[in-house]
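**Student:** no sequence on hand, only this structure:
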């Protein structure tokens, strides 16, 4: 594959003229520059418009800190749950044979094709005071909707497939021979999982967790529908950004948004590293 | 199928199927299937006339036209520029190529609300790009053009990421043969490369379109949200929810849900097609 790339880059009849090449590269870089780099840069410029002091004030003010706490709490519940689910689902699907496997995988992928707004709506319908379940919860003084549990559940829904869809193909690729050998040599199921399967898929697992976490911390639409937008109580970081922005407090909005931007950049950086390891795996 | 029959008679030696499968189905049912089924059941509470009246309300119809129309345009723009970006990344070498390649995934990683306010800041009449167009009396933010820009942003990685591997795996012998037979670069591109890339390109287009249809966070900041002009369907659902019109919100959501399932089906078929063409090409 590499010698093909080399070939294409040096062999004259198989490559476009210099002018065409430079034009295409220029156009692509211009497009990426405008669409990707500019929005990135603008977040930090707007955030620092009134200096470092205003920036630090915006991200350390109590409501912002409460939002950061809630986002961390939400991710720390949603990500581990989806991690366990991803491992269980991929073990069942990749290491065993059964009918309806494709259908099951399609169902697991469903949350990816549902609009974030609808992802929130389904829980409003389930837990709202107009629903039977909602009334029962009300009468027992259990608040799910417009409270932290609702935010966590909506986040679990939108990040549901991340780990599973990373693990299923990876585990399928690795086959069952090593596990079978381990079992036949007397290892228990748990030992096989911890010592044989997990070391083989650890980078893929981290990859899934990384993407799951990025989405869990950044989700807006679904969380917005179920949150109730109570300042300092049910606002995650993205919702806090929206409130500040709608109050025309742009510097603070971009300052808080810059935290999420840094998270996105760090995620991309780690993802790049993991992809290189995955290629080797 | 044959292996399935075999495994029925002689179950695999790997344990834990009951436990993991049980947990998988339980978790799937609790988090995904029951809530989604609730949406369908809720819609059934509406009479057919009420359902039709909700989704044919002029403001709702306008939102459907805006959502589908602009998502289509945005996906089309992404198809053209996505192919260009993928081509340049695979075929040419230039400084910072790896960094540019990595940055293509930014729209996947950047929370949509952040994308929304950043794009609004750029394209508002006093923003960096907005003020250039404002001089010519062209408004971008707070118009349908603004919606298109947000949807182009969030759909950008799809086409690049579906086309890139296909371009990388193309069989160089075909191009070499074409050169020997006297084809020009343009002929090679349109007759040899493009047909092989088309399934992946269409899959990427469909993914970008499907994602754009449901998008909410990045759009609402830049859209202006004017009824009949720049109001997208997800926003209509949110507005109905805020008015406690749960039945209305559900009816519209069901239509969107059906649209996304159809798109999912199309995407799966396109992916299969693209895979077959790719596999066949490589093994030939």
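**Tutor:** Sure, I can see it. Computed from a predicted model, the values in this text were never measured in an experiment.
**Student:** average pLDDT for the lengthiest helix in chain A?
**Tutor:** Of all the elements of type helix in chain A, the one with the most residues (DSSP state H) is helix A:62-94. Within the predicted structure, the mean pLDDT of helix A:62-94 is 96.
**Student:** buried residues, that helix. List them.
**Tutor:** Applying a neighbour-count criterion of 16 or more other Cβ atoms under 10 Å in any protein chain shown, one finds A:63-64, A:66-68, A:70-71, A:74-75, A:77-79, A:81-83, A:85-94 buried in helix A:62-94. Yep, even glycine has a C-beta here, placed from its N, CA and C like the rest.
**Student:** nearest spatial neighbour of residue A:213, chain-adjacent residues omitted?
**Tutor:** Leaving aside its chain neighbours, residue A:213 sits nearest to residue A:79 (5.2 Å; criterion: Cβ to Cβ, 6 or more residues apart in numbering or on different chains).
**Student:** sec struct for the residue sitting nearest the centre point of chain B, please.
**Tutor:** Averaging the C-alpha coordinates of chain B gives a centre point, and the residue nearest to it by Cα atoms, centre = their mean is residue B:208 (2.4 Å). Judged by DSSP: H, G, I helix; E, B strand; the rest coil, the three-state class of residue B:208 is helix.
**Student:** next up, the contacts around the closest residue to it other than its chain neighbours.
**Tutor:** Here the nearest residue to residue B:208 in space, its sequence neighbours aside, is residue B:155; by Cβ to Cβ, 6+ apart that works out to 3.2 Å. Contact criterion Cβ atoms under 8 Å, 6 or more residues apart in numbering or on different chains gives B:74, B:75, B:78, B:107, B:207, B:208, B:209, B:211, B:212 as the residues in contact with residue B:155.
**Student:** which of those residues sits closest to residue B:190?
**Tutor:** For residue B:190, the closest of those turns out to be residue B:78, at 20.4 Å, with distances computed as Cβ to Cβ.
**Student:** mean confidence score for the helix or strand containing the closest one?
**Tutor:** Assigning secondary structure by DSSP states H and E places residue B:78 in helix B:58-91. In this model, helix B:58-91 has an average pLDDT of 96.
**Student:** tell me where the model's unsure across the stretch 151-284 of chain B.
**Tutor:** Counting by pLDDT under 70, the stretch 151-284 of chain B contains low-confidence ranges at B:276-284.
**Student:** ok, now chain A?
**Tutor:** Applying pLDDT under 70 to chain A flags the ranges A:1-13, A:281.
**Student:** can you show me the strands along it?
**Tutor:** Chain-ordered strands for chain A, with DSSP state E as the definition, do not occur.
**Student:** name the nearest residue to the residue nearest the centre of it, sequence neighbours excluded.
**Tutor:** Using Cα atoms, centre = their mean, the residue of chain A that lies closest to the mean C-alpha position is residue A:215, 2.8 Å off. Distances taken as Cβ to Cβ, 6+ apart put residue A:159 closest to residue A:215, at 4.9 Å, once the chain neighbours are dropped.
**Student:** the residue nearest to residue A:213: what's it in contact with?
**Tutor:** If a contact means Cβ under 8 Å, 6+ apart, then residue A:79 has A:159, A:209, A:212, A:213, A:216 as its contacts.
**Student:** likewise residue B:45?
**Tutor:** Taking Cβ under 8 Å, 6+ apart as the criterion, residue B:45 is in contact with residue B:247.
**Student:** likewise the one 5 residues further on?
**Tutor:** Contact partners of residue B:50, counting by Cβ under 8 Å, 6+ apart, are B:247, B:251.
**Student:** give the burial count for residue A:230, as a bare number.
**Tutor:** Residue A:230: 11 surrounding residues under other Cβ atoms under 10 Å in any protein chain shown.
**Student:** pretty sure it contacts residue A:148?
**Tutor:** No: contact criterion Cβ atoms under 8 Å: residue A:230 and residue A:148 do not qualify, at 10.4 Å.
**Student:** wait, what's in contact with the closest residue to chain A within the stretch 151-284 of chain B?
**Tutor:** Among the residues of the stretch 151-284 of chain B, residue B:214 lies nearest to chain A; the distance is 2.8 Å by Cβ to the nearest Cβ. Residue B:214 makes contact with A:113, A:114, A:115, A:116, A:117, A:118, B:234, B:256, B:260, according to Cβ under 8 Å, 6+ apart.
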